[in-house]
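# Fold the following and give me the result.
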Amino acid sequence: MRSLRVVGLLALVGVVAIGCGPKTRGKKARGGGDFSALGAGGGGEGGEGGEGGEAGGGGLGAKASLATTGAASNLQRVTTDPIDEERPMLSPDGGTLLVGLRTWTKKDGFHHPGIVAVSPNGGGGRTMMTPGGIEADRAAWLPDGSSYVYATNGPGAWSLVRAQSKSAGSPYAVVASGDVAPGADYPTVAPDGLVALTIEQNKVLFIATIRLDGSGYQLLQQGNQAAFSPDGKRLAFIRDVNGSTQLFVSARDGGGVAQLTFGKAAVYWPTWSPDGQWIAFATNRGTEYQGDDAQRYQLFVVRPDGSGLMQLTNGTSDCGFPMWGVDGFIYFNANKAGNYDIWRLRPNPDLGGSAI
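Prediction:
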């Protein structure tokens, strides 16, 4: 995945973002260090792992491994299709997993040909959910599960839209056009329907909020990849600190900002546990000083006050886009089998002596 991301640049002050187009599509080219201020990660290997298949485009060499640490178990591969997948998003009833598709060619770079629905338990095929002829990615369910929002270039510029239903190929309504929310990306929806999303202004990324009817647009603060807490009162997000992205939390109105991670290692894709007691994310801790092709991102969890840092995955695979579902599993993408499939694992009930 690392080599695939080295196309296109975007600065969040000192953050370089890679993807399809000049926004935040795709994973990030990160820069690195450690979490020395937070202490060591979780214990030894456990669960499923070992040698994988040929690594496709991720610079992994012949084989890749993926395993859980002592803080997680039940590692399972959810999808097996020969196309890169990202941003898994489980429905509120736990029955449907939305997944973004991603392609890349040397000539054209990244493209996001649509969002599909799959079973979170694996098998059963897939259904293309977004209309044809557009690029679409970054789905986020509405709290009642009746529909979802996503980013698309269907209106021209990348915009935030709302599917009019959860049926395959549903038409969409524009929530925030590219004129209102330039570079609209990474939406997250609070229980009351407030949407937070990433926008870009003057090559800097900010978090904004807007109502589903397009009203009440407000620029909150500098940051990216915001995620509402289950009660909708807090936001977890990333922000650049001296050239590395770190994890932060704030109130939903942008007040009370607190930094949770420190050091040089980069952090991406925060996601809350269903009870709001933990935040999972991906980080290149341990490989941050290696070349871009050699860096690996693994999943970690931390409490919203910055304590209790634990590592969930290890190995030579690259992991990203974690999403903590209502079923207790964390869904994520990893290239253990070559391309980036969707996997899931279950954090253990006891993380460092504290129940999830």
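
# how near is residue 151 to residue 134?
11 Å (Cβ to Cβ, to the nearest Å). Backbone N, C-alpha and C define where each C-beta goes, glycine included.

# So between the two, which is more surrounded?
Under the criterion of other Cβ atoms under 10 Å, the comparison of residue 151 against residue 134 puts residue 151 first, with 32 against 15.

# May I ask which helix or strand encompasses the more buried one?
With secondary structure defined by DSSP states H and E, residue 151 is part of strand 148-152.

# Report the mean confidence score over that strand.
Averaged across strand 148-152, pLDDT comes to 98.

# residue contacts, the residue nearest the centre of the chain?
With distances taken as Cα atoms, centre = their mean, residue 321 lies nearest the centre of the chain, 3.0 Å away. Counting by Cβ atoms under 8 Å, 6 or more residues apart in numbering, residue 321 touches 27, 86-88, 269, 282, 332-333.

# hmm, 6 Å instead?
Going by Cβ atoms under 6 Å, 6 or more residues apart in numbering, residue 321 touches 86-87, 269, 332-333.

# next one: residue 134
152, 154.

# hmm, try it at 10 Å
112-114, 152-155, 161, 172 (Cβ atoms under 10 Å, 6 or more residues apart in numbering).

# That one and residue 185, how far apart?
Taken as Cβ to Cβ, the span from residue 134 to residue 185 is 15 Å.

# swap in residue 68?
From residue 68 to residue 185 the distance is 30 Å (Cβ to Cβ).

# follow-up on the earlier one: any chance of the contacts of residue 134 in TSV, plus secondary structure?
Shown next, in TSV, are the contacts of residue 134 (DSSP: H, G, I helix; E, B strand; the rest coil):
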residue	secondary structure
112	coil
113	strand
114	coil
152	strand
153	coil
154	coil
155	coil
161	strand
172	strand
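
# and of those, the nearest to residue 202?
Relative to residue 202, the closest of these is residue 153; by Cβ to Cβ it sits at 21.0 Å.

# Could you say which helix or strand holds the residue nearest to the centre of the chain?
Per DSSP H and E: strand 319-324 holds residue 321.

# helix or strand right after that strand?
Heading C-terminal from strand 319-324 (DSSP H and E), you reach strand 330-334.

# angle of the following helix or strand past that following strand against strand 319-324?
Per DSSP H and E, the first helix or strand lying C-terminal to strand 330-334 is strand 341-347. Using axes from the mean of the first three to the mean of the last three Cα atoms, to 10 degrees, the inter-axis angle of strand 341-347 relative to strand 319-324 is 50 degrees.

# now strand 341-347 against strand 330-334, angle please.
140 degrees.

# Could you check how far the closest residue to residue 85 other than its chain neighbours is from residue 183?
In space, residue 85 comes closest to residue 99 once its chain neighbours are excluded; the distance is 4.9 Å by Cβ to Cβ, 6 or more residues apart in numbering. Distance of residue 99 to residue 183, given as Cβ to Cβ: 22 Å.

# Give the bridge partners for residue 249, please.
Beta bridges link residue 249 to residue 236, residue 258 when assigned by DSSP bridges.

# So it is in contact with residue 256, correct?
Yes - with contact defined as Cβ atoms under 10 Å, residue 249 reaches residue 256; the gap is 8.1 Å.

# hey, what's in contact with both of those two?
residue 234.

# Give me the more crowded residue out of the two.
residue 249 (21 against 10).

# Looking at that one now. What's its pLDDT?
Value for residue 249, per-residue pLDDT: 98.

# quick one, what contacts it?
By Cβ under 10 Å, 6+ apart, the contact set of residue 249 is 227, 229, 234-237, 256-260, 270, 272, 279, 304-306.

# low-confidence ranges in this structure?
1-63, 351-356 (pLDDT under 70).

# For it, which segments count as helices?
Remark: helices assigned in the chain by DSSP state H are 2-5.

# Output the contacting helices and strands for the strand holding residue 151.
Where contact means 3 or more Cβ pairs under 10 Å, 6 or more residues apart in numbering; DSSP states H and E, strand 148-152 is packed against strand 84-90, strand 97-105, strand 115-118, strand 136-141, strand 159-163, strand 172-176, strand 185-189, strand 195-201.

# Include distance to residue 219 and mean neighbour count when you put the ones you listed into JSON lines, please.
Shown next, in JSON lines, are these (distance: least, Cβ to Cβ, whole Å; neighbours: other Cβ atoms under 10 Å):
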{"stretch": "strand 84-90", "distance to residue 219": "24", "mean neighbour count": "23"}
{"stretch": "strand 97-105", "distance to residue 219": "26", "mean neighbour count": "21"}
{"stretch": "strand 115-118", "distance to residue 219": "27", "mean neighbour count": "22"}
{"stretch": "strand 136-141", "distance to residue 219": "19", "mean neighbour count": "24"}
{"stretch": "strand 159-163", "distance to residue 219": "14", "mean neighbour count": "25"}
{"stretch": "strand 172-176", "distance to residue 219": "12", "mean neighbour count": "20"}
{"stretch": "strand 185-189", "distance to residue 219": "15", "mean neighbour count": "24"}
{"stretch": "strand 195-201", "distance to residue 219": "8", "mean neighbour count": "24"}
